[in-house]
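Student: Give the three-dimensional model of this entry:
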Amino acid sequence: MIKNNRTILIIALIALVNMLGYGIIIPILYSYSKKYGLSDFENGLLFASFSVCQFISTPIIGRLSDKYGRRPLLIMSIAGTAVSFFMMAFAPSAIFLLLARMLDGLTAGNIPVAFAVISDSTKPQDRAKAFGYISSAFNFGFVFGPAIAALTVNWNPAIPFIIAGVITIIAALLTIFYLPETNTHMGEVKGGKLFDFKHIWHALFNSQLSTLFASTLIFFMAFACALIYGFQPFAINILHVTASQNAYLFTLFGTIGLISQTFLVARFSKRLGMKKAFTQSLLLTAIAFLIMFISRSIPVFIIGCIVLALANSVVQTLFPTILSMESDPKSQGSVMGLNTSYQSIGMIVGPILGGAIATLSIPMPFLAGAILVLICFFLSFRILRGAVKPESAF
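Tutor: Predicted coordinates:
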């Protein structure tokens, strides 16, 4: 597929370089923010600020990409991310750190636009495999990103952020010089509001994709509560690991995810069928969070991380695959942007929920994550009713 479609290779390279940047900062952001005197509650607000801005911006960026093309919006969003990394590296105070996260959120339309590029340039039966390549690139970046953070954070806490900024500039240059415009339906999108909260609310309850959108919201609420927020306080305060060791744990997570994406996801989906693969992966995700909840030693915690990485690689691949297959070809950017808005809502509520229940017990975010994913598990039986058979998807 990559030999016959250069665009997939370019998007995969952009995804790889982009995720390297995120992989560098995510494992150390919690400990980095502590030097600015932020409390755990304020840290939760810092994490949520990115998602609040992303919630507002991604439908706008997705719709603009439908109207004006994928390439210019992708360049703009990646450039904004690069600027935000440099702002974090040289932030003189906590307010600049907050502004950097908000800027990153406001320009965080690169992932849904990249997914829209894949939808533009592949046939429906090839999209699951194409999204698998992109997910593999994300995981590959998430292997080396945390490793870079682990190796450099002890030199100077700002160095990982500088490296992330440089790497993201490379992603912008790849887009500028090598990515062709893939949107062949520019000018065909009906007029409407760039940001329509009423439409976002309506789509969650009264559209063909309602169950999928609701599952996206709940899944990412669980993901943000348990992994984005709960992982670092638990590792530092319960398992007593350092910031560098915490980054190595993220490297392990990314390594397992990469292996799963490369060798297991397509085979797993073919063998079980798309519905069973999706539902069972959600169930395994819930089990992984339960293992992490009960763990009090690094080996048991690592077992939970491995199960989570394996299951998450399947879920993260099938979500956009199903969405693209159920969407109008002329509105892929809008639908992907809308779906990312629900992800953002989950990423806003998740850290706040995790911070609130962590005041009762630090491991509790993992239990909450498991319960939320179990809700997605039961919803998943409705999502794929009448969906494309996996044999034609891979």
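
Student: how about the helices in the stretch 151-300 of the chain?
Tutor: According to DSSP state H, counting those that start in this stretch, the stretch 151-300 of the chain carries its helices in the segments 159-178, 197-205, 210-223, 231-237, 243-259, 265-272, 274-294, 298-325.

Student: same for the last one, what does it pack against?
Tutor: With contacts taken as 3 or more CB pairs under 8 Å, 6 or more residues apart in numbering; DSSP states H and E, helix 298-325 sits against helix 110-121, helix 127-152, helix 210-223, helix 243-259, helix 265-272, helix 274-294, helix 332-358. Every residue, glycine included, has its C-beta placed from N, CA and C.

Student: Report the angle between it and helix 243-259.
Tutor: Helix 298-325 runs at 50 degrees relative to helix 243-259, counting by axes from the mean of the first three to the mean of the last three CA atoms, to 10 degrees.

Student: returning to that earlier point: which of the helices of the stretch 151-300 of the chain is buried the deepest?
Tutor: Neighbour counts (mean count of other CB atoms under 10 Å) averaged over each of the helices of the stretch 151-300 of the chain peak at helix 210-223, with a mean of 23.

Student: Can you give the distance of it from its chain's centre?
Tutor: Relative to the chain's own centre, helix 210-223 is displaced by 13 Å; criterion: CA atoms, centre = their mean, to the nearest Å.

Student: Could you pull up the mean pLDDT of that helix?
Tutor: The average pLDDT within helix 210-223 is 88.

Student: Mind listing residues that contact it?
Tutor: Applying CB atoms under 8 Å, 6 or more residues apart in numbering, the contact partners of helix 210-223 are 203-204, 207, 282, 285, 289, 315, 319, 322-323, 326, 338-339, 342-347, 349-350, 353, 368-373, 375-376, 379-380, 382-383.

Student: and if you look at stretch 135-144?
Tutor: 12-13, 15-23, 250-251, 253-255, 257-258, 260-262, 265, 313, 316-317.

Student: coming back round to it: by mean pLDDT, show me the worst of the helices of the stretch 151-300 of the chain.
Tutor: Ranked by mean pLDDT, those bottom out at helix 197-205, with a mean of 64.

Student: before we move on, back to that, are any of the contacts of helix 210-223 buried, and which?
Tutor: 203-204, 282, 285, 289, 315, 319, 322-323, 326, 338-339, 342-347, 349-350, 353, 368-370, 372-373, 375-376, 379-380, 383 (16 or more other CB atoms under 10 Å).

Student: Could you count how many residues lie near residue 341?
Tutor: Summarising burial for residue 341: neighbours were counted as other CB atoms under 10 Å, giving 29.

Student: what do you get for residue 154?
Tutor: Neighbours around residue 154, by other CB under 10 Å: 11.

Student: Please name the residues that touch it.
Tutor: Residue 154 neighbours (CB under 8 Å, 6+ apart): residue 244.

Student: Against residue 143, how distant is the closest residue to residue 26 other than its chain neighbours?
Tutor: Excluding the flanking residues, the one nearest residue 26 by CB to CB, 6 or more residues apart in numbering is residue 250, at 6.8 Å. Here the distance between residue 250 and residue 143 works out to 9 Å (CB to CB, to the nearest Å).

Student: Please tell me how far residue 283 sits from residue 250.
Tutor: Distance from residue 283 to residue 250, by CB to CB: 24 Å.

Student: And residue 101, how close does it get to residue 297?
Tutor: 33 Å.
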